[in-house]
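>>> fold the following, please.
(2 chains)
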Amino acid sequence: QKEVEQNSGPLSVPEGAIASLNCTYSDRGSQSFFWYRQYSGKSPELIMFIYSNGDKEDGRFTAQLNKASQYVSLLIRDSQPSDSATYLCAFLPSGTYKYIFGTGTRLKVLA
Amino acid sequence: ETGVTQTPRHLVMGMTNKKSLKCEQHLGHNAMYWYKQSAKKPLELMFVYSLEERVENNSVPSRFSPECPNSSHLFLHLHTLQPEDSALYLCASSQDGTSSYIFGPGTRLTVL
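Numbering: from 1, shown residues only, chains lettered A, B, ... in the order given. Below you'll find the predicted structure:
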């Protein structure tokens, strides 16, 4: 059973701090990894995707992928109260088109 | 709103009712999906359509019936649902089966 694990949180960080969200996945052959943000009562929206080992930066967001250790993380710099949401990690197992989603980590940025 | 729309946004129905959820994507994508999201559980894939053909039916009860008349529209027909079917139903589309999803706003379904 292919799966992804995330700490459900809540993860509380003060405004301006770095929020670090982590995710581990089961399929070593996976190639595509995604982070979605979901505000309460809303649908998920894509914020980052990463395919290669290492870091990928987009504004205040950095995705980090370590295929050897099978984890992917999301760093949010200068966290804002508007970043408070649930962050879903997803990956695409090799040889399939079915994404596997985690249960999400709830982030609370305290003003 | 995103390029994926869903109607209705909220639906309350009794267990003997028949209703349909509608999804429309304006992105020229080739794949469309139905997901169910329940509290404290990961997103559950229900159905996948690629180029209007159903390619996945994830052991979903027959009280859920999908329909994809063309690459832009996707329906989920509901009948004789159970209270445990109450959830957020999300439609998504992607360019192909391996690219990222764009989700619609979802339909919040309550079954009484």
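>>> from now on I want contacts and neighbour counts done on CA atoms only, so please keep to that.
OK.
>>> now the end-to-end length of stretch A:10-26.
One end of stretch A:10-26 to the other measures 23 Å (C-alpha to C-alpha, to the nearest Å).
>>> wait, does it contact chain B?
No - judged by C-alpha under 8 Å from any C-alpha of the partner chain, stretch A:10-26 stays clear of chain B, getting no closer than 12.6 Å.
>>> ok, then the element right after the helix or strand residue B:47 falls within?
Per DSSP states H and E, residue B:47 falls inside strand B:44-50. As assigned by DSSP H and E, the chain's next helix or strand after strand B:44-50 is strand B:53-57.
>>> what pairs with that following strand, parallel or antiparallel?
In the sheet, strand B:53-57 lines up against strand B:44-50 (antiparallel) (DSSP bridges).
>>> for the partner strand, the distance to its chain's centre please.
Distance, stretch centre to chain centre, for strand B:44-50: 8 Å (C-alpha atoms, centre = their mean, to the nearest Å).
>>> for it, which outside residues touch it?
A:98, B:30-37, B:54-60, B:66, B:68, B:96-97 (C-alpha atoms under 8 Å, 6 or more residues apart in numbering or on different chains).
>>> could you rerun that using 6 Å?
With contacts defined as C-alpha atoms under 6 Å, 6 or more residues apart in numbering or on different chains, strand B:44-50 is touched by B:30-36, B:54-58.
>>> including neighbour count and pLDDT, could those residues go into TSV?
Below are the contacts of strand B:44-50 laid out as TSV (neighbours: other C-alpha atoms under 10 Å in any protein chain shown; pLDDT from 0 to 100):
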residue	neighbour count	pLDDT
B:30	18	91
B:31	25	91
B:32	32	93
B:33	25	93
B:34	24	95
B:35	20	95
B:36	20	95
B:54	16	79
B:55	13	75
B:56	15	74
B:57	15	72
B:58	11	73
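>>> now, the most widely separated pair of these?
Farthest-apart pair in these is B:30 and B:36; separation 20.5 Å (C-alpha to C-alpha).
>>> contact residues of chain A facing chain B?
By C-alpha under 6 Å from any C-alpha of the partner chain, the part of chain A that sits against chain B consists of A:43, A:97, A:101-103.
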